[in-house]
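Undergrad: need a structure here:
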Amino acid sequence: MTDMTQDIDLQQVKKALKKEQNRILMQQVLANRSLVIGFVIIALLVLVAVFGPLFLTYDPNQMDVVNRLKGPSAAHWMGTDNLGRDVLSRIVYGAQISIGVGFAVAVISSFLGLIVGIYSSYYKWLDHVLMRVADGIMAFPGLLLALALMAALGGRVSNVVIAVSIVATPYIARVVRSEALALKEQTFVEATRALGASNTRIIWLHIAPNTLSSLIVQATFIFAEAIIIEAALSFLGAGVPPPAPSWGNILSDGKTYIFKAWWMTFFPGMTIVLAIIGLNLFGDGLRDLLDPHSSRGKK
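TA: Numbering: from 1, shown residues only. Sure, this is the predicted structure:
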């Protein structure tokens, strides 16, 4: 009976400790204003992209030439464009493409960057090859390289994801590699190697999990960068092909009428700014939360 009582007491202590850890973590999250504000902005944009179309009156590609270039009104909250299409509907549907491209790029580049960075840090001969390729990609301005890739691949949403992922992967790989190089020399890795663990086991069970915090933070910034590059490509006519709405396409349509119909550029432009601010705030907040040694975290 005594052993059973001790086991029950130990389980209660563990539950109490877990509950206290969760409470402290929640306090830290709520005290991190950048993280909370960024999360709220991102969540609102995602909700608008997912559920917004259910409440819209107009199709994003529905033309009404009679009501072209009409300013914001009760019928069209953000006005109409040069073809009479509802700007609000196009922005909401464009959010699905722009946010979807950004998210896909963040996921794909994070996965590829993790593989490249981990193996580069562990095998010196592979490091010389992969990092020189990464340096070559990073030597080109991101937008210029994405433009060149889109010219070769063609204007499709999937090709935008591929092109921007190629541009973003080296930056993720660099972050993961620097983190993994430090972890590789840690005592727990040396002990695992001494016990006879294989290189694959060491890499994926002991090194890779400890790089995830830096990887996730970097992925949020890549998310924001991908939205900017996608908008720039679409604005230049090399991204998402019209009439499919994306924030860059909407801006491109409005550039000719910027003085006559300011709403065609103002509203999509502010949406892009809001998305980038939200992602950057969220990334800064995550960095402060996950890295207590950061300069911001010490303040």
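Undergrad: how about residues contacting stretch 201-220?
TA: For stretch 201-220, the surrounding residues in contact (C-beta atoms under 8 Å, 6 or more residues apart in numbering) are 106-107, 109-110, 113-114, 117-119, 121-122, 171-172, 175-176, 179-180, 183-184, 188-189, 192-193, 197, 279-280, 282-283, 286-287, 290-291. C-beta here means a position set from N, CA and C on the backbone, and glycine is covered the same way.
Undergrad: tell me the secondary structure at the residue nearest to K260 when sequence neighbours are not counted.
TA: Excluding its sequence neighbours, the residue lying closest to K260 (C-beta to C-beta, 6 or more residues apart in numbering) is L69, at 6.6 Å. Under the three-state scheme (DSSP: H, G, I helix; E, B strand; the rest coil), L69 adopts coil.
Undergrad: which residues touch L69?
TA: Contacts of L69 (C-beta under 8 Å, 6+ apart): 79-82, 257, 260-261.
Undergrad: scan these and report the most crowded one.
TA: Within those, T80 tops the neighbour count with 29 neighbours, counted by other C-beta atoms under 10 Å.
Undergrad: next one: the residue nearest to that one when sequence neighbours are not counted from R85, what distance?
TA: In space, and not counting its chain neighbours, T80 is closest to K70: 4.6 Å by C-beta to C-beta, 6+ apart. Look at K70 and R85: by C-beta to C-beta, to the nearest Å, they are 11 Å apart.
Undergrad: with neighbour numbers in mind, choose between those two.
TA: R85 (24 against 18).
Undergrad: hang on, isn't the more buried one packed against Q62?
TA: Yes - with contact defined as C-beta atoms under 8 Å, R85 reaches Q62; the gap is 6.3 Å.
Undergrad: how close does the closest residue to G142 other than its chain neighbours get to L251?
TA: Nearest residue to G142, sequence neighbours excluded (C-beta to C-beta, 6+ apart): V167, at 4.7 Å. Per C-beta to C-beta, V167 is found 20 Å from L251.
Undergrad: please apply the same query to M270.
TA: Relative to L251, M270 is positioned 11 Å away (C-beta to C-beta).
Undergrad: more neighbours, those two?
TA: Counted by other C-beta under 10 Å, M270 and L251 do not tie: L251 has more neighbours, with 23 against 11.
Undergrad: for the helix or strand containing the more buried one, the averaged confidence score.
TA: For L251, the host element (DSSP states H and E) is helix 247-254. Mean pLDDT, computed over helix 247-254, is 91.
Undergrad: just the C-alpha atoms of it, please, in PDB.
TA: This file holds the C-alpha atoms of helix 247-254, laid out as PDB (Å, rounded to 0.1, in the frame of the first residue of the first chain):
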ATOM      1  CA  TRP A 247      -2.800  40.700 -54.300                       C
ATOM      2  CA  GLY A 248      -0.100  41.400 -56.800                       C
ATOM      3  CA  ASN A 249      -2.500  41.100 -59.800                       C
ATOM      4  CA  ILE A 250      -4.900  43.600 -58.200                       C
ATOM      5  CA  LEU A 251      -2.100  46.100 -57.600                       C
ATOM      6  CA  SER A 252      -1.000  45.600 -61.200                       C
ATOM      7  CA  ASP A 253      -4.500  46.300 -62.500                       C
ATOM      8  CA  GLY A 254      -4.700  49.500 -60.400                       C
END
